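# need a 3D model of the following:
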Amino acid sequence: MSKKENKPVDEVTKADAPEAEAEETAEAEVNQEHVELTGMLEDARNKADEHWNQILRLQAELENLQKRSERELANAHKFALDRFSQDLLPVRDSLEMGLSAFTESNADTEKLREGVDLTLQMLVGVMEKFGISEVNPQDEPFNPDLHQAMSMQDREDVAPNTVVTVVQKGYLLHDRLIRPALVIVSSAAQAQERT
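Residues are numbered from 1 along each chain as shown. Below you'll find the predicted structure:
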């Protein structure tokens, strides 16, 4: 038998006690670290889940915002002329009343002319309200950005490239050309052909 085996039990436990205590302390520290690490892991998982849920909510909000923006844009395109149309309806009503007045046998031409003039003023007012302005270049220099030349006319009384006749007025929408003015432009008078 070894010396250790011959020792009494009390002596063996006393001698092994510091080692056992150290093992128990180490085991307790490991358990404590395990518990702390497990807690930290659970906290990290909870935060990750919370962040994931926030990402999902934000993604859903962005998708809803994009759909709403697309819907609002489609409605803006679809109903862009709503106010313009509402302001234009009285002009149409006035034109219809004027046409019906022409069918009457005792129609006063002066009053009909006055009604047409008032209707035209209503139309001009609506157009100005919505930023539509007239391009009437009579006696102005020809501008290819705003005018479309229909023909040239030999004229000695005006400078070359001057608008001498406006066939059809042009229009701008907030300074953007929507229809050029159709014009006849002067050209320098050609010398008479030699005989």
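# when you work out contacts or count neighbours from here on, use the C-alpha atoms and nothing else.
Fine.
# just the element for the residue sitting nearest the centre point of the chain, please.
By C-alpha atoms, centre = their mean, the mean C-alpha position of the chain lies nearest to Leu73, the distance being 6.6 Å. In the assignment (DSSP states H and E), Leu73 maps to helix 9-78.
# which elements pack onto the following helix or strand past that helix?
As assigned by DSSP H and E, the chain's next helix or strand after helix 9-78 is helix 82-102. Packing partners of helix 82-102 (3 or more C-alpha pairs under 8 Å, 6 or more residues apart in numbering; DSSP states H and E): helix 109-129.
# residues in contact with the helix it packs on?
With C-alpha atoms under 8 Å, 6 or more residues apart in numbering as the test, helix 109-129 has contacts from 84, 87-88, 91, 94-95, 98, 101-102, 133.
# that one to helix 82-102, inter-axis angle?
On the basis of axes from the mean of the first three to the mean of the last three C-alpha atoms, to 10 degrees, helix 109-129 is oriented at 170 degrees to helix 82-102.
# direction included, what does the helix or strand just after helix 109-129 pair against?
Using DSSP H and E, the helix or strand that follows helix 109-129 towards the C-terminus is strand 132-135. When pairing is defined by DSSP bridges, strand 132-135 lines up against strand 170-173 (antiparallel).
# re the thing from before, what mean pLDDT does the helix holding Leu73 get?
Confidence over helix 9-78 (mean pLDDT, whole number) is 85.
# list the contacts of stretch 173-184.
By C-alpha under 8 Å, 6+ apart, stretch 173-184 touches 131-133, 135-137, 145-153, 163-172.
# got the domain ranges for this protein?
3-78, 81-130, 131-189 (automatic domain parsing).
# hang on, the earlier thing: how about JSON lines for the contacts of helix 109-129, with pLDDT added?
Shown next, in JSON lines, are the contacts of helix 109-129 (pLDDT from 0 to 100):
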{"residue": "Phe84", "pLDDT": "85"}
{"residue": "Asp87", "pLDDT": "89"}
{"residue": "Leu88", "pLDDT": "89"}
{"residue": "Val91", "pLDDT": "91"}
{"residue": "Ser94", "pLDDT": "89"}
{"residue": "Leu95", "pLDDT": "88"}
{"residue": "Gly98", "pLDDT": "84"}
{"residue": "Ala101", "pLDDT": "81"}
{"residue": "Phe102", "pLDDT": "78"}
{"residue": "Ser133", "pLDDT": "93"}
